[in-house]
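Novice: Provided below are the primary sequence and the corresponding predicted coordinates.
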Amino acid sequence: MKRLITALIRDDRGTSAVEMGLICALIVLAMLTALQGFANETQNTWNIVASSSSAANASVAG
């Protein structure tokens, strides 16, 4: 039993896959954070466009 535990502790075959998985997860997390900021700015821009269009239509119709 002690040999099995020692062999499992010293086995490093899967470490590169785990490292790549962690790096990939961090990249995805950074992308989602950046995308959230971009989405907020885009939404604010379209809200400004909508209110400007409404104000222009109201002044023409009024």
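Specialist: Cool, the structure landed. Numbering: from 1, shown residues only.
Novice: Low-confidence regions, this structure specifically.
Specialist: Applying pLDDT under 70 to the chain flags the ranges 62.
Novice: let's see 50
Specialist: Of all residues in the chain, none has pLDDT under 50.
Novice: Output stretch 35-51 as CSV, nothing but the C-alphas.
Specialist: The C-alpha coordinates for stretch 35-51 follow below in CSV (Å, rounded to 0.1, in the frame of the first residue of the first chain):
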residue,chain,number,x,y,z
LEU,A,35,-16.3,41.3,-22.7
GLN,A,36,-18.5,42.4,-19.8
GLY,A,37,-16.8,45.8,-19.9
PHE,A,38,-17.2,46.1,-23.6
ALA,A,39,-20.9,45.1,-23.4
ASN,A,40,-21.6,47.8,-20.8
GLU,A,41,-20.0,50.5,-22.9
THR,A,42,-21.9,49.3,-26.0
GLN,A,43,-25.1,49.4,-24.1
ASN,A,44,-24.4,52.9,-22.8
THR,A,45,-23.7,54.1,-26.4
TRP,A,46,-26.9,52.6,-27.7
ASN,A,47,-28.9,54.2,-24.9
ILE,A,48,-27.4,57.6,-25.8
VAL,A,49,-28.3,57.0,-29.5
ALA,A,50,-31.8,56.1,-28.6
SER,A,51,-32.4,59.1,-26.3
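Novice: Tell me how far that stretch lies from the chain's centre.
Specialist: Between the centre of stretch 35-51 and the centre of its chain there are 17 Å (Cα atoms, centre = their mean, to the nearest Å).
Novice: just stretch 30-50 next, same as before
Specialist: From the chain centre to the centre of stretch 30-50 is a distance of 13 Å (Cα atoms, centre = their mean).
Novice: Report the secondary structure state of R13.
Specialist: R13 carries the three-state label coil when classified by DSSP: H, G, I helix; E, B strand; the rest coil.
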